[in-house]
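Colleague: build me a model:
(one chain, ligands or ions: 1)
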Amino acid sequence: MKVLVIGSGGREHALVWKLSQSPKVEKIYCAPGNAGIAESAECVPIGAEDIPKLLAFAKENAIGLTVVGPEAPLTEGIVDKFEKAGLMVFGASKAAARLEGSKSFAKSLMTKYGIPTAIGKTFTDIEKAKAYIEEVGGKVVVKADGLAAGKGVMVCTNKKQALEAVNLVMEEKAFGDAGKKMVIEELLVGEEASFLAFTDGKTVLPLPSSQDHKAIYDGDKGPNTGGMGAYSPAPVVDAYMHDKIMNEVMKPTVKAMAAEGAPYKGVLYAGLMIDGDDIKVLEFNARFGDPECQPLLMRLKTDLVEIMEAVSKEELDKVNLEIDPRATVCIVLASKGYPGSYDKGMPISGLDAVKRMKDVFVFHAGTALQDEKIVASGGRVLGVTALGETIDKAIDKAYKAADKIKWTGVYKRKDIGQKASRHAKPAPLVSILMGSDSDLKVMQGATEMLTKLRIPYEMTVASAHRTPERAAEIARTARDRGIKVIIAGAGAAAHLAGALAAQTTLPVIGVPIDATPLAGFDALLATVQMPPGIPVATVAVGKMGAKNAGVLAAQIIGVGDETVAKRLAAFKEKMAEEVIAKAKKVEAL
Ligand SMILES: Nc1c(C(=O)O)ncn1[C@@H]1O[C@H](COP(=O)(O)O)[C@@H](O)[C@H]1O
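Modeller: Here you go, the predicted model:
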């Protein structure tokens, strides 16, 4: 099959690189492409927004699949036009791309369907917008409604800044028509993460989590750029948060779009703010992020053509995504001056040396060929992307490669991935063990609570019956590893908690699991009836008990830790508020 990729950045180079690995592909074209893309695709000089010419090219060259990289042609309806002409195309339709193309549309959709997002309001009137800021204060985010190449979002920390941002959008019209409307929303705190998924409008297949670095300078300082680097996975999205994001954001959004008569097909990108176990959507994009696309596609093992065909035919339920378990990091090399003005035409050295490195790939974003030499021709020039067993190893390798590449005025951040690396490090305070992986669903009750209360934990399977030495060893070494509490979940003749308690002086909490026809009563007695001297703090049978095990572990840690104690107090307060809200609902019946 012949494939056409539309766009010219690092994202499109990654798409071409991945598509070229498919046995189904005989030739790739890229419009307009760049010097790196030209190594594996034929570049055609048609701009990414020239839809009539792109359509004519696809028809003339019998293109079997067109893949749209950037957002502008999507919001202009390129997908609708290709589909009308009977051509297979991967991307969101015009109606679906409104999720990215109009911030007010996205906000009202989320509000209507209960998808968690910051509290916000849409304005078309400058005086009303200013009055709102006077009312709620200056800690807000001011967003131009339409596409503004990532520059239409202004984070304000005081009234003066917020009023200036409103003026910039509506009076100075800095973003043109994109600023005819604006959204003003509360400023959220927490850690950002990107979550992308393929969807055919029904099935949602998640990619691993990722995170980009928007600011130009180290420590996230300075003006925002298109992105100075990215990594995957984002450790803030653990298994529990992954499920929560799928259930509270991704699936409901795809459902909501279908209900609105604008079925979403393509890649759905949710920019999220995560605070403990609280998720809020900051924005949606209707395409791959750039540079997140580079580290994500490097981890994707499944044939991309197969996925894109399945999306188009609405058969995504038949596809399984295979993901490389290793971490990836992409470091963007930019030209001095970016995101302001910068020079062009400087020859780049070192690319061949990096080509010889294993598990490293350099994606081109802004390069051109001049006198047979590759030169810098954009603000963001290259994305050096590496795979590693751990995020730290991937960072190391990516920087080793990036340091070999030079041109006059090359600039890169020195701290790409550090956030992930720092995040990956907090030592676990709780050790969760279960007798079998069949206990996992129940034991996730404990991880849910520990995530809520921000207590780092480790989790594994060990059995006092099947792997007695391993179980004993984990318990014996727990104190030295900094563990404060052990939680043990087991079903049937549940000896695990007691056997662990025998090996340590740390408190052990036992969760009896309903795994046999005796409905957990067997596990309850086996766990709770400990002989004097070796106590096991036994909680209720099943998920309810697992949740309480998480809370109880936090309470034990909270005895000597002010911060945890405060979080517990806030947790109880929130629970009480929820009960009052429920009481009011019942009383109103
Ligand atoms: N109770 C124990 C222990 C133990 O106490 O060490 N090891 C496994 N098991 C339990 O056996 C059940 C069935 O296990 P399988 O599903 O692996 O057959 C599980 O609930 C597990 O906790």
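Colleague: okay, and Gln21 sits in which element?
Modeller: Taking DSSP states H and E as the definition, one finds Gln21 inside no helix or strand.
Colleague: with Glu458 instead?
Modeller: Element membership for Glu458 (DSSP H and E) is strand 457-461.
Colleague: pLDDT value on the residue in the stretch 51-200 of the chain positioned nearest to the ligand, please?
Modeller: Closest to the ligand within the stretch 51-200 of the chain is Ala197: 30.7 Å, counting by CB to the nearest ligand atom. Any C-beta I mention is one placed from the backbone N, CA and C, and that applies to glycine too. Reported pLDDT at Ala197 in the predicted model: 97.
Colleague: poorly predicted segments of the stretch 351-500 of the chain, please.
Modeller: For the stretch 351-500 of the chain, residues meeting the criterion pLDDT under 70 lie at 423-425.
Colleague: which positions in the strand holding Glu458 come out as buried?
Modeller: Going by neighbour count (16 or more other CB atoms under 10 Å), the buried part of strand 457-461 is 457, 459, 461.
Colleague: once you drop chain neighbours, what's closest to the second one?
Modeller: To tie it back to what came earlier, the one meant is Met459. The shortest distance from Met459 to any non-neighbouring residue, by CB to CB, 6 or more residues apart in numbering, is to Ile432 (4.2 Å).
Colleague: ok, now how distant is Ser335 from the ligand?
Modeller: According to CB to the nearest ligand atom, to the nearest Å, Ser335 stands 57 Å off from the ligand.
Colleague: ugh, wrong one, I meant Asp317
Modeller: Going from Asp317 to the ligand by CB to the nearest ligand atom gives 28 Å.
Colleague: contacting residues for that residue?
Modeller: 202-203 (CB atoms under 8 Å, 6 or more residues apart in numbering).
Colleague: looks to me like it is in a strand.
Modeller: No: Asp317 sits outside any strand when classified using DSSP: H, G, I helix; E, B strand; the rest coil, being helix.
Colleague: read off the pLDDT value for it.
Modeller: Confidence at Asp317, expressed as pLDDT, is 96.
Colleague: what does Pro339 give?
Modeller: With respect to pLDDT, Pro339 scores 89.
Colleague: got it, and Gly222?
Modeller: Predicted confidence (pLDDT) for Gly222: 87.
Colleague: mind listing what the residue lying closest to it once chain neighbours are set aside touches?
Modeller: Closest residue to Gly222 apart from its sequence neighbours, by CB to CB, 6+ apart: Ile216 at 4.2 Å. For Ile216, the contacting residues are 222-225, 228, 334, 338-339, 413, by CB under 8 Å, 6+ apart.
Colleague: any quick ChimeraX command for the buried ones out of those?
Modeller: Per 16+ other CB under 10 Å, the buried members of those correspond to this ChimeraX selection:
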select :224,225,228,334,338,339,413
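Colleague: neighbouring strands for the strand holding Glu458, and are they parallel or not?
Modeller: Here strand 457-461 has these sheet partners by DSSP bridges: strand 430-434 (parallel).
Colleague: would you put the C-alpha positions of the partner strand in CSV?
Modeller: Provided in CSV are the C-alpha atoms of strand 430-434 (Å, rounded to 0.1, in the frame of the first residue of the first chain):
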residue,chain,number,x,y,z
VAL,A,430,4.2,0.2,52.5
SER,A,431,4.8,-3.3,51.2
ILE,A,432,1.7,-5.0,49.7
LEU,A,433,1.9,-8.8,49.3
MET,A,434,-0.7,-11.1,48.0
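Colleague: spatially nearest residue to Ala554 (excluding sequence neighbours)?
Modeller: Closest to Ala554 by CB to CB, 6+ apart is Leu453, at 4.5 Å.
Colleague: now do Gly261
Modeller: Ala95 (7.5 Å).
Colleague: tell me the SS of that neighbour?
Modeller: Of the three states, Ala95 takes coil under three-state DSSP.
Colleague: from here on, call the first residue 15.
Modeller: OK, 15 is where the count begins now, so the last one is Ala109.
Colleague: right, and it touches Ala272 too?
Modeller: No: applying CB atoms under 8 Å as the test, Ala109 and Ala272 come out as separate, 11.2 Å apart.
Colleague: who has more neighbours out of these two?
Modeller: A direct count of neighbours by other CB atoms under 10 Å for Ala109 and Ala272 places Ala109 higher, at 18 against 15.
Colleague: measure the more buried one to Met322 for me?
Modeller: Distance of Ala109 to Met322, given as CB to CB, to the nearest Å: 20 Å.
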